[in-house]
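*Asks:* Below: sequence and its predicted model.
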Amino acid sequence: MDKTKVLMKNLLFLFLSLMLLTVHSQDMTNEKLLEIIKAHTDTVHGSTGNWQFKYQNVMMICITDINSNRLRFMSPITESSQLNKELLLDAMTANFHSALDVRYAISNGIVWSVYIHPLRETNTQLLVSAIDQVYQAAVTFGTTFSSTRFLFGGKSILKKNAPSQKQPHINRL
């Protein structure tokens, strides 16, 4: 086969692949997002693109930016000044091993459990998982530091932070 035919086949394959990706795009909007949040959580308050709600009695926030195509679910955990260096290092290690799609972060002196993702490209299943992961990461901070019930690595954290240890004041801000 000559080089032109190979190039044409490759270009056709690339074009068809891109078409399939476009078809599977979810085109999530603030309106759809609010419906999903209301269906899976309690006590939703706020305005378009900026909501507060409770999920299993844990306060959470959702912020979107349509122009930047960004979505953020987050839950405050504790004041960063209340934590020692070892606990903060454990949280950073968990970002690699057990926090999965969620990250621990510090902003304005608060430790947060945060999920950040493009808004339009998400879907209902991802959003429900994101809310649950933010919740799990918040309530396991100081123990397993896990965003799911499953643990992937980071066993040194688990041994060091057995659930019997005193957990920081979580989500009391």
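*Replies:* It's in.

*Asks:* Quickly find the element holding the residue sitting nearest the centre point of the chain.
*Replies:* Here the mean C-alpha position of the chain is nearest to the C-alpha of Tyr115 (CA atoms, centre = their mean), at a distance of 2.3 Å. Assigned by DSSP states H and E, Tyr115 belongs to strand 110-118.

*Asks:* how about the residue nearest to the centre of the chain, what does it touch?
*Replies:* Contacts for Tyr115 (CB atoms under 8 Å, 6 or more residues apart in numbering) come out as Leu71, Arg72, Phe73, Met74, Asp101, Val102, Arg103, Ala130, Gln133, Val134. Bear in mind the C-beta positions are built from the backbone N, C-alpha and C, glycine included.

*Asks:* quick one: contacts for the fourth one?
*Replies:* In this structure, Met74 makes contact with Met60, Ile61, Cys62, Ile63, Trp112, Ser113, Val114, Tyr115, Val134, judged by CB under 8 Å, 6+ apart.

*Asks:* Now the two most distant members of those residues.
*Replies:* For the contacts of Met74, the farthest-apart pair by CB to CB is Ile63 and Ser113; their separation is 14.1 Å.
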